[in-house]
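A.B. asks: Generate coordinates for the sequence data below:
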Amino acid sequence: VSGCTCSSDKKKVHCSMVLGANAMMVTLMVMVGGATGASVHVALAAAETWGGTLTMPGFAAGVPLNITVQAGVASFAWVYDVNGAGEACAPDTETGLAWSDDGKTVLAKGTNADPSYYTFTGTYSTATEVSGSIIQPTSKDVPSSAGTWTATKGAVAPPSRCAADGNMPFIWPLPAQYTNGNTTATVSPPAQFLAFFAHAGTSPFLDQAFARYAGITFPHVLAAAAGAADDVAGIDVTVASLAEDYPQLADDETYTLTVPVSGRATLTAATVFGALHGLETFSQLVTFDFDTQTYVVAKAPWSITDSPRFPHRGLMIDTARHFETLASIRKMIDSLPYAKLNVLHWHMSDSQSYPFEVKGFPKLWDGAYSSYERYNQADVRAMVDYAKARGVRVMVEFDMPGHAGSWCTGYPEICPSQACNQPLNLATNRTFDVITEVLNECTGGVASAPGKPSPGVFKDNFIHLGGDEVNTACWDSTPAVKAWLDARGMSADDGYAYFVDRVAKIAIAQGHRPVQWSEVFDHFKGNLSKETVVHIWKSVTNVTEVVALGYEVLVNVGYDKLSWYLDNLNVMWNDVYMNEPCAGVPDNLCHLVLGGHGEMWGETVDASDIQQTVWPRLAAIAERLWSPRDQTQDAMAAHARIQSFRCLLNRRGIAAAPVNNAVARAGPSGPGSCFNQ
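C.D. replies: Predicted structure coming up:
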């Protein structure tokens with residue numbers, strides 16, 4: 001045996017050698033006097049064990065690490081939360097690593113190829129504890145860090161564990177209740193995919209939904225073939241109420257879905273909006289097996305009973321800082337039901353532009369960026385109908401009295417002066433005449449009711465009136481406004497209270513609930529009308545104080561480490577996921593938290609980048625608002641599913657950015673799988 005030092009006493013041969021990185025197995029043939037030895041004993045030094053943890057951002061978060069060192073060769077073993085192929089709870093072992101240990105540093109040197117791809121470097125912090133870096137090769141031959149590790153010599157190796165539950169469904173958001181089996185069911189849609197879906201009664205709404213979900217669920221063309229008798233051959237949908245009213249806050253969105261191993265799936269729901277959610281869940285259970293060229297449902301049979309934790313779950317878009325095209329808005333609406341979101345908060349106007357047509361005051365949209373960057377009422381009505389078909393409410397916002405300088409372009413008299421154009425001029429009734437007409441054209445002057453939608457452009461019974469970030473200096477510095485305030489013994493702050501209260505009463509008189517930002521509550525406290533929904537975006541606003549006074553709230557605090565402001569590009573999805581809307585709120589008051597939004601302020605987004613700025617971080621908000629609180633406590637446990645959901649969005653034509661981006665909307669850092677970005 002090459003490398004051995006041997007001696008013989010004519011009965012036994014004794015050989016010894018040093019095992020290196022490339023000599024893990026030794027075969028000895030001992031021949032004495034022409035006979036083959038009956039047994040061979042190879043004595044090795046006892047293996048040295050280490051126990052610790054390993055972290056690779058995006059793949060493993062503090063997972064147990066088992067290290068074995070024997071005769072200068074090391075192996076490192078762990079279980080990924082999700083590996084580069086998108087597989088949850090995937091084990092990995094790096095073997096054949098050349099180990100050196102001088103008492104100050106350790107080195108487990110890999111070969112840059114499997115099964116010893118990585119190199120591990122470490123430094124002793126105590127006599128037995130080491131921590132260091134995981135080094136991976138790069139295409140430019142410049143090593144880069146893949147993560148970190150810590151280990152203690154002689155420690156009992158911890159059991160392998162994985163943050164992702166291998167039995168957890170790859171459904172986003174996670175259903176409230178579910179059970180499943182372990183059988184892969186084959187799904188055999190008919191040649192006309194639409195025929196897969198069936199329901200009793202007449203429902204144009206469901207017919208449209210079936211047409212959409214036929215394409216979503218079965219995107220691949222199949223060769224003509226008869227399905228087997230034991231395949232899943234269709235889904236029967238039963239809806240208690242086929243009413244096709246515009247969606248509202250109080251709609252029942254519950255559904256129950258069963259998917260057997262064979263036969264027909266069933267979906268039951270109280271309303272058509274619950275049925276939409278069930279269709280979305282079913283579409284996520286069905287995957288395409290390219291090897292067999294068939295559609296399948298893994299881990300059948302499934303039984304899912306689902307409903308949202310919060311009734312109001314949305315996205316805010318800002319069409320004032322940048323104009324968003326109709327096509328871009330429709331695409332965003334398309335994406336919302338994929339994550340069971342049901343509100344588009346449309347921040348229509350701001351200081352920079354006023355793009356909305358108001359027939360009673362036709363010069364208002366002179367404040368648009370250009371004559372091409374406007375929305376006429378017919379187009380907006382069509383957008384509201386488009387959203388309705390997808391179960392999405394559209395809540396419009398006209399921010400006032402601040403953030404309203406663009407109103408002055410067409411009607412300068414409603415602003416304090418040309419040089420100081422906001423807040424809007426509270427000293428003239430002309431301002432409130434304009435506001436009343438704007439709101440009336442949006443609301444129709446009455447609330448929508450079952451079977452009788454409002455005649456206004458928008459059908460939702462909420463209307464957002466802003467009220468944030470109001471600097472009243474212009475009122476004090478404009479003589480006519482200052483004189484009006486003085487004549488009434490009012491300060492500028494009193495004027496702010498007068499303004500936001502008056503416009504809220506206009507909305508209430510038109511049958512709508514006003515939504516106003518935190519500052520309005522911060523000013524009024526318990527004197528604010530209980531009809532008002534308080535939209536909390538400032539961390540200084542005490543949510544518990546607001547709900548304890550009986551107000552309903554929307555919560556999406558921005559500009560902190562868990563921000564739901566999607567323009568905070570350095571806040572990653574896992575931080576967004578850990579933002580709990582009822583944090584600090586007593587359980588008996590949490591029902592007053594209606595939900596919240598991801599807020600996509602538009603200073604740096606337009607049609608070119610809005611999708612990848614919103615997604616996939618909005619998915620983290622969606623699951624937090626839909627799924628039970630006790631099932632959304634661990635972001636890493638959701639990592640494999642959000643990776644999969646991001647890839648699903650991409651397959652559906654939504655430009656969701658890589659999940660693991662340190663900066664939102666950045667592209668992939670290099671070649672690789674969708675599941676490894």
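A.B. asks: So which residues of this protein form helices?
C.D. replies: With DSSP state H, the ranges of helices along the chain come out as 204-217, 272-285, 326-335, 377-388, 429-443, 473-477, 479-487, 492-509, 518-524, 543-548, 573-577, 610-614, 617-626, 639-651.
A.B. asks: Among those helices, show me which one is buried the most.
C.D. replies: helix 617-626 (a mean of 27; mean count of other C-beta atoms under 10 Å). In short, each C-beta sits where N, CA and C put it, glycine included.
A.B. asks: Next, the angle helix 639-651 makes with that helix.
C.D. replies: Relative orientation of helix 617-626 versus helix 639-651 (axes from the mean of the first three to the mean of the last three C-alpha atoms, to 10 degrees): 120 degrees.
A.B. asks: mind checking how far helix 617-626 is from the chain centre?
C.D. replies: How far helix 617-626 lies from its chain's middle: 4 Å, per C-alpha atoms, centre = their mean, to the nearest Å.
A.B. asks: avg pLDDT for it?
C.D. replies: Averaged across helix 617-626, pLDDT comes to 98.
A.B. asks: can you check stretch 298-307 too?
C.D. replies: Stretch 298-307 comes out at a mean pLDDT of 96.
A.B. asks: can I have that stretch written out in CSV, keeping just the CAs?
C.D. replies: Once non-C-alpha atoms are left out, stretch 298-307 reads as follows in CSV (Å, rounded to 0.1, in the frame of the first residue of the first chain):
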residue,chain,number,x,y,z
ALA,A,298,-48.9,16.8,-4.3
LYS,A,299,-49.7,15.5,-0.9
ALA,A,300,-53.4,14.8,-1.7
PRO,A,301,-56.0,14.5,-0.3
TRP,A,302,-56.4,18.1,0.8
SER,A,303,-59.0,19.6,3.1
ILE,A,304,-58.8,23.4,3.6
THR,A,305,-61.0,25.7,5.5
ASP,A,306,-59.9,29.3,5.1
SER,A,307,-60.8,32.8,6.0
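A.B. asks: in that stretch, what counts as buried?
C.D. replies: 298-302, 304, 306-307 (16 or more other C-beta atoms under 10 Å).
A.B. asks: what's the burial count for the residue lying closest to Q611 once chain neighbours are set aside?
C.D. replies: Among residues not flanking Q611 along the chain, A655 sits closest, at 4.1 Å (C-beta to C-beta, 6 or more residues apart in numbering). Neighbourhood size, A655 [other C-beta atoms under 10 Å]: 17.
A.B. asks: A655 touches V614, doesn't it?
C.D. replies: No: using C-beta atoms under 8 Å, A655 and V614 do not qualify as a contacting pair, with a distance of 9.4 Å.
A.B. asks: where does the residue nearest to Q611 land on pLDDT?
C.D. replies: Note on A655: pLDDT of 97.
A.B. asks: check contacts around it.
C.D. replies: Neighbouring residues of A655 by C-beta atoms under 8 Å, 6 or more residues apart in numbering: 611-612, 615.
A.B. asks: about what we covered before: possible to save the helices of the chain as JSON lines with distance to C420?
C.D. replies: As requested, these are arranged in JSON lines below (distance: least, C-beta to C-beta, whole Å):
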{"stretch": "helix 204-217", "distance to C420": "50"}
{"stretch": "helix 272-285", "distance to C420": "46"}
{"stretch": "helix 326-335", "distance to C420": "33"}
{"stretch": "helix 377-388", "distance to C420": "31"}
{"stretch": "helix 429-443", "distance to C420": "15"}
{"stretch": "helix 473-477", "distance to C420": "4"}
{"stretch": "helix 479-487", "distance to C420": "9"}
{"stretch": "helix 492-509", "distance to C420": "13"}
{"stretch": "helix 518-524", "distance to C420": "20"}
{"stretch": "helix 543-548", "distance to C420": "32"}
{"stretch": "helix 573-577", "distance to C420": "38"}
{"stretch": "helix 610-614", "distance to C420": "33"}
{"stretch": "helix 617-626", "distance to C420": "37"}
{"stretch": "helix 639-651", "distance to C420": "45"}
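A.B. asks: of all these, which lies closest to G181?
C.D. replies: Checking these against G181 by C-beta to C-beta gives helix 272-285 as the closest, at 12.5 Å.
A.B. asks: For the closest one, which helices and strands make contact with it?
C.D. replies: helix 204-217, strand 232-239, strand 255-259, strand 263-269, strand 294-306 (3 or more C-beta pairs under 8 Å, 6 or more residues apart in numbering; DSSP states H and E).
A.B. asks: Redo these as a markdown table? Include distance to D522.
C.D. replies: Shown next, in a markdown table, are these (distance: least, C-beta to C-beta, whole Å):
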| stretch | distance to D522 |
| --- | --- |
| helix 204-217 | 41 |
| strand 232-239 | 43 |
| strand 255-259 | 39 |
| strand 263-269 | 40 |
| strand 294-306 | 37 |
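A.B. asks: H312: which of these is closest?
C.D. replies: Of those, nearest to H312 by C-beta to C-beta is strand 294-306, at 17.2 Å.
A.B. asks: What's the separation between L554 and Q677?
C.D. replies: Relative to Q677, L554 is positioned 32 Å away (C-beta to C-beta, to the nearest Å).
A.B. asks: Same question for V557.
C.D. replies: V557 is 28 Å from Q677, by C-beta to C-beta.
A.B. asks: Repeat that for V343.
C.D. replies: 29 Å.
A.B. asks: So between those two, which is more surrounded?
C.D. replies: Ranked by neighbour count (other C-beta under 10 Å), V343 and Q677 place V343 first, with 26 against 21.
A.B. asks: The closest residue to the more buried one other than its chain neighbours: what's it in contact with?
C.D. replies: Excluding the flanking residues, the one nearest V343 by C-beta to C-beta, 6+ apart is G314, at 2.9 Å. Counting by C-beta under 8 Å, 6+ apart, G314 touches 336, 341-345, 393, 395, 595-598.
A.B. asks: For G314, give its distance to L528.
C.D. replies: Where L528 is concerned, G314 sits at a distance of 22 Å (C-beta to C-beta).
A.B. asks: Find me the pLDDT at Q377, would you?
C.D. replies: On the pLDDT scale, Q377 gets 98.
A.B. asks: Next, the distance between the ends of stretch 196-215.
C.D. replies: Using C-alpha to C-alpha, to the nearest Å, the end-to-end distance of stretch 196-215 comes to 11 Å.
A.B. asks: model confidence over it, on average?
C.D. replies: Stretch 196-215 carries an average pLDDT of 94.
A.B. asks: and what of stretch 560-577?
C.D. replies: Averaged across stretch 560-577, pLDDT comes to 95.
A.B. asks: So which bits of it are buried?
C.D. replies: 562-569, 571-577.
A.B. asks: and which of those residues is nearest V358?
C.D. replies: For the buried residues of stretch 560-577, the nearest to V358 is D567 (27.8 Å; C-beta to C-beta).
A.B. asks: what about P57, neighbour count?
C.D. replies: Neighbour number of P57 under other C-beta under 10 Å is 14.
A.B. asks: Next, work out how far apart it and F120 are.
C.D. replies: Counting by C-beta to C-beta, the separation of P57 from F120 is 16 Å.
A.B. asks: For stretch 91-109, C-alpha coordinates in PDB please.
C.D. replies: Provided in PDB are the C-alpha atoms of stretch 91-109 (Å, rounded to 0.1, in the frame of the first residue of the first chain):
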ATOM      1  CA  PRO A  91     -29.400  18.100   3.900                       C
ATOM      2  CA  ASP A  92     -25.900  18.900   2.800                       C
ATOM      3  CA  THR A  93     -22.500  17.500   3.800                       C
ATOM      4  CA  GLU A  94     -19.100  18.900   2.800                       C
ATOM      5  CA  THR A  95     -16.600  16.100   2.900                       C
ATOM      6  CA  GLY A  96     -12.900  15.700   2.200                       C
ATOM      7  CA  LEU A  97     -12.000  19.100   3.700                       C
ATOM      8  CA  ALA A  98      -8.300  19.400   4.500                       C
ATOM      9  CA  TRP A  99      -8.300  20.300   8.200                       C
ATOM     10  CA  SER A 100      -5.600  22.300  10.000                       C
ATOM     11  CA  ASP A 101      -5.700  23.600  13.600                       C
ATOM     12  CA  ASP A 102      -2.800  25.600  15.200                       C
ATOM     13  CA  GLY A 103      -4.700  26.500  18.400                       C
ATOM     14  CA  LYS A 104      -5.400  30.000  17.200                       C
ATOM     15  CA  THR A 105      -7.100  29.500  13.900                       C
ATOM     16  CA  VAL A 106      -8.700  26.600  12.000                       C
ATOM     17  CA  LEU A 107      -9.000  26.000   8.300                       C
ATOM     18  CA  ALA A 108     -11.200  23.300   6.600                       C
ATOM     19  CA  LYS A 109     -10.000  23.800   3.000                       C
END
